[in-house]
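Peer 1: the following block contains a protein sequence and its predicted model.
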Amino acid sequence: FPVKSLELKEGTLELNEYQSIFRIFLKVLEERASPVIFYLVLSVACREEEHVCETDIQDSIFKMMNKNSTDVLVKTLNVAWEIFDESSGEFSSNIKLATVSRFLLPALLSASSHLIIVFYKEKLERLLKVVGDILRGGEESKVKTLTSKCGSFLLFGALYSKMDQAQVHSKGSELTTLAADVLRISNLFPQGKGDGKEMSSFLVKSITESRKETFQEGCSEDFKNLFRTFHCSIQNCMISVISCIQNIEKLYNHFIFKDGSIWATIIDTEKEIKFEMEQEQLKTRRRQLVTIRQNAQDSTMPATNYIQSHYLSDSSLSQDIGHYDFTSSLNEGLSDTAITARVNEQLSSVACHFLELEGDELGSHPCMAQFVAVVKHMESKQMYPVPTGSFSEADPPLWMKSILGVLQCDENHRNVKLFILKLILSCPEVFTPFSKTFLVPILTLIGSGSLTGSEVINYFVSDLLIMLLSWSTQTGVIPDGSEMEKMSAVRVLSFLMRNIHHDRRDILRHNLELLRSVLEIWKPCMVNRVDMDILERLLSSSQQGEEGSGVQVLAALLVNEMIDPEKLTDQKLALSLISRVDNKYRKVFQAAAETCGMLLKLMRNKPSFFDGLKSNIWRKLEKLNNSKSADDKNRFLEVLYFMHRHYPECVKDFSQGFQYTLKFKTGIQLSQCLEMLLA
């Protein structure tokens, strides 16, 4: 076997053989729950962050837990426990944490209640004492303590996920009685009242105090990462505990969301998070375990006629934003019913809950799935009132106000805000009734350009805008309540216009669809507020490949009547548009011709400008019509056809140029000529 599975290249015979052999071991593990095979699989997989058979390993663990007796399984799970709990230094911190998170945790989450009680009765004293340990000594000593604490909090999270409140937070159960005795004898929680709530109270107290722990300046990068892992584990454990023992939203806010300092401890603020717009970056989705106890599953838009098929009909982008698929990322190809986070996926007969999130840096964060799960948990338990109408007056719950404060605080790091926005993106339907509260703050962040790190429409910004547009269509809430709200929307429009172009046609088409959707849905707050300087720069751009982008933007603005006709009387803008009729690319000159037709129709009541515009366009058409080149003749007919779609009067002046040659025309060209004559 290679040391790491990633040494074998994708699609090679060696990798196929490796996977086949590994799956044989997994099959034996499922049927026999052999401690030896379990150790073999564990020792191989934990050498790397994600094994090539990771999903198969998880599935086999679940099946193993369902097919074997409690006595056999306890012996097998003790193999993983002994690796985690050893103190001789034989196993590294990474191996220990991988053993807990990728083997022990999924096994316990799919175990029976009886097995859970048997396992934790043996380990509870050790786990409670580890949680009560104080960080002391040098870096090496702290690494050992932190590793033990991380694993212990993960295991307590699994316990509170599997057991109901009566077993972990009430007097009389085996676990709470044992925990109370351990805490009393060890003097870890002297304020215990003998009410069976000692274990939960001790964990909450320990987690609250642990949030203040931080690393010293000048420590190693590995130590910083371990500290971050520690804070993630205590945050996940807090969510598990509160979700099990409480049903009051105010307490969820107090213990999970209210403390604004937690975000900087669980999120790496030294790392630059980058986003792409390429399809390849968006295909991966990762399945993540969540340790939250859950019971059983618990406006019409007028049609807008844009210029024909956007002249990008050969695009490979299958998703059309015009259909308002507001919940999936750009190139996922998901249906309208698909959502960014799919909750409670079950493997075989296992009752263990999963979330499937995008496998980018934010989606794969160890706390993201847990936060999404607790947000959905609060909603399913109806812990706060959710409005069904009058959305513009909806008052959000306390926990939403807490994360809104994080977004609006200028002192919070960009990465922290990105994490909060990814959380909202992963469960947008929860925030929809309260969209009035979040709409403008998110628009402000997008318009500032601070989210992307560069002036570009990446998939993250695209997803955010699609989500906001979805909220507006569902609730009728748009950013038009004040001048500040309108300006936030206008800044986003300017941002989209500046960055509309992309060399890949599918992404350019996506950007144009996004712009059109913004114009349609938020039109009332953008009319006559278009930045004409940006539009003129787009139309006059001579950069290779950008010739058609400005034309498409102008067409979208004209269709939605976004520009005051007085602002369009600039001859420079008109001449830039007319010059695109000479472009060698069909998609550009066709779009330019149709946009010229729109402009003629709009400006017919402005004689001084209209006459000059018409004269310049007619000279172009006459030059093409009088040319002896067959290509120019064909271009003349195409330009005239697309122009007549919005200004049919143009056909009368040029119909003699083609009506007597119809018998020589066939196919699409003949159809277009007949259509013009009928017009």
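Peer 2: Structure received. Values in this document were obtained by computation on a predicted structure and should not be read as measured data.
Peer 1: Q288: what secondary structure?
Peer 2: Under DSSP: H, G, I helix; E, B strand; the rest coil, the three-state class of Q288 is strand.
Peer 1: just the element for the nearest residue to it once chain neighbours are set aside, please.
Peer 2: Take Q288 and drop its neighbours on the chain: the residue closest to it by Cβ to Cβ, 6 or more residues apart in numbering is A369, 3.9 Å away. Bear in mind the C-beta positions are built from the backbone N, C-alpha and C, glycine included. Using DSSP states H and E, A369 falls within helix 368-380.
Peer 1: and that helix, average pLDDT?
Peer 2: Here helix 368-380 scores 95 as its mean pLDDT.
Peer 1: how far away is Y160 from Q167?
Peer 2: 10 Å (Cβ to Cβ, to the nearest Å).
Peer 1: how close does the spatially closest residue to K620 that is not a sequence neighbour sit to L621?
Peer 2: In space, and not counting its chain neighbours, K620 is closest to V581: 5.3 Å by Cβ to Cβ, 6+ apart. Using Cβ to Cβ, one gets 9 Å for the distance from V581 to L621.
Peer 1: need the residues touching each of those two.
Peer 2: Common contacts of V581 and L621 (Cβ atoms under 8 Å, 6 or more residues apart in numbering): V639.
Peer 1: which one's more surrounded, those two?
Peer 2: Of the pair V581 and L621, V581 is the one with more neighbours under other Cβ atoms under 10 Å, namely 25 against 21.
Peer 1: using the three-state scheme, assign that one.
Peer 2: From three-state DSSP, the assignment for V581 is helix.
Peer 1: pretty sure it is touching G597, no?
Peer 2: No - using Cβ atoms under 8 Å as the test, V581 is too far from G597 to be in contact (11.3 Å).
Peer 1: go ahead and name everything in contact with the host helix or strand of F589.
Peer 2: Using DSSP H and E, F589 sits in helix 586-603. With contacts defined as Cβ under 8 Å, 6+ apart, helix 586-603 is touched by 307-308, 310-312, 547-548, 551-552, 554-555, 558-559, 565, 568-569, 574, 577-578, 580-583, 609-610, 613-614, 617, 635, 638-647, 650.
Peer 1: now the helix or strand just after it and helix 586-603, what's the angle there?
Peer 2: Downstream of helix 586-603, the next assigned helix or strand under DSSP H and E is helix 607-626. Computed by axes from the mean of the first three to the mean of the last three Cα atoms, to 10 degrees, the angle separating helix 607-626 from helix 586-603 equals 150 degrees.
Peer 1: whatever helix or strand comes next after helix 607-626 packs against which elements?
Peer 2: Sequence-wise, the next helix or strand downstream of helix 607-626 (DSSP H and E) is helix 630-644. Helices and strands touching helix 630-644, by 3 or more Cβ pairs under 8 Å, 6 or more residues apart in numbering; DSSP states H and E, are helix 586-603, helix 607-626, helix 650-654, helix 667-678.
Peer 1: in a markdown table: those helices, plus mean pLDDT and distance to V79.
Peer 2: Formatted as a markdown table, the helices and strands packed on helix 630-644 follow (pLDDT from 0 to 100; distance: least, Cβ to Cβ, whole Å):
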| stretch | mean pLDDT | distance to V79 |
| --- | --- | --- |
| helix 586-603 | 93 | 63 |
| helix 607-626 | 91 | 80 |
| helix 650-654 | 88 | 82 |
| helix 667-678 | 88 | 71 |
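Peer 1: tell me which of those helices is the most buried.
Peer 2: Stretch with highest mean neighbour count among those: helix 586-603 (a mean of 23; mean count of other Cβ atoms under 10 Å).
Peer 1: let me see the confidence value for G89.
Peer 2: For G89, pLDDT reads 86.
Peer 1: that older thread, pipe the helices and strands packed on helix 630-644 into CSV and attach distance to K171 per row.
Peer 2: Converted to CSV, the helices and strands packed on helix 630-644 look like this (distance: least, Cβ to Cβ, whole Å):
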stretch, distance to K171
helix 586-603, 74
helix 607-626, 85
helix 650-654, 87
helix 667-678, 82
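Peer 1: I'd like the next helix or strand past the lowest-mean-pLDDT helix or strand in the chain.
Peer 2: Ranked by mean pLDDT, DSSP states H and E, the weakest helix or strand in the chain is strand 342-343, scoring a mean of 30. Remark: after strand 342-343, the chain's next helix or strand is strand 354-358, criterion DSSP H and E.
Peer 1: returning to what we had before: which among the contacts of helix 586-603 count as buried?
Peer 2: Among the contacts of helix 586-603, those classed as buried by 16 or more other Cβ atoms under 10 Å are 307, 310-312, 547-548, 551-552, 554-555, 558-559, 568-569, 574, 577-578, 580-581, 583, 609-610, 613-614, 617, 635, 638-647, 650.
Peer 1: A179 touches V131, doesn't it?
Peer 2: No - counting by Cβ under 8 Å, A179 does not reach V131; the two are 10.8 Å apart.
Peer 1: show me which of the two is the more surrounded one.
Peer 2: Neighbour count, other Cβ under 10 Å: between A179 and V131, A179 has more, with 27 against 23.
Peer 1: list the residues that contact that one.
Peer 2: A179 touches L124, L128, E198, M199, F202, counting by Cβ under 8 Å, 6+ apart.
Peer 1: ok, for the last one, nearest residue in space, not its chain neighbours?
Peer 2: Going back to what we said before, that points to F202. Using Cβ to Cβ, 6+ apart, the nearest residue to F202 is F189, at 4.3 Å.
Peer 1: and the third one, by the same measure?
Peer 2: Distances taken as Cβ to Cβ, 6+ apart put G192 closest to E198, at 4.1 Å, once the chain neighbours are dropped.
Peer 1: hang on, that neighbour in a strand?
Peer 2: No - counting by three-state DSSP, G192 is not found in a strand; it is coil.
Peer 1: could I get the phi/psi values of it?
Peer 2: G192 adopts backbone torsions of phi -60, psi 140, taken as degrees, to the nearest 10.
Peer 1: also the one 4 residues further on?
Peer 2: In terms of degrees, to the nearest 10, the main-chain angles of G196 are phi 80, psi 0.
Peer 1: gap between V375 and I239?
Peer 2: As defined by Cβ to Cβ, V375 lies at a distance of 10 Å from I239.
Peer 1: so, low pLDDT: which residues of this protein?
Peer 2: 277-286, 293-354, 453-455 (pLDDT under 70).
Peer 1: could you export stretch 247-254 as PDB, CA atoms only?
Peer 2: In PDB, the C-alpha atoms belonging to stretch 247-254 read as follows (Å, rounded to 0.1, in the frame of the first residue of the first chain):
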ATOM      1  CA  ASN A 247     -36.100  25.100  23.500                       C
ATOM      2  CA  ILE A 248     -36.000  28.800  24.200                       C
ATOM      3  CA  GLU A 249     -34.600  31.000  21.400                       C
ATOM      4  CA  LYS A 250     -33.300  33.600  23.800                       C
ATOM      5  CA  LEU A 251     -31.000  31.000  25.400                       C
ATOM      6  CA  TYR A 252     -29.700  29.800  22.000                       C
ATOM      7  CA  ASN A 253     -28.800  33.400  21.200                       C
ATOM      8  CA  HIS A 254     -27.100  33.900  24.600                       C
END
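Peer 1: just how off-centre is it within its chain?
Peer 2: 26 Å (Cα atoms, centre = their mean, to the nearest Å).
Peer 1: what residues of that stretch count as buried?
Peer 2: Buried-residue list, stretch 247-254, by 16+ other Cβ under 10 Å: E249, Y252, N253, H254.
Peer 1: what sits up against it?
Peer 2: I242, Q246, V374, M378, K381, M383, Y384, P397, L398, W399, S402.
Peer 1: same thing with stretch 23-31?
Peer 2: Applying Cβ under 8 Å, 6+ apart, the contact partners of stretch 23-31 are 34, 37-38, 40-41, 53, 56-57, 60-61, 63-64, 67.
Peer 1: also stretch 610-626?
Peer 2: 571, 574-575, 578, 581-582, 596, 599-600, 603-604, 632-633, 635-636, 639-640, 643, 650, 653-654, 657.
Peer 1: again, but for stretch 380-400
Peer 2: 247-250, 252-253, 256-258, 294, 298, 378-379, 404, 431, 433-438, 475-477, 481.
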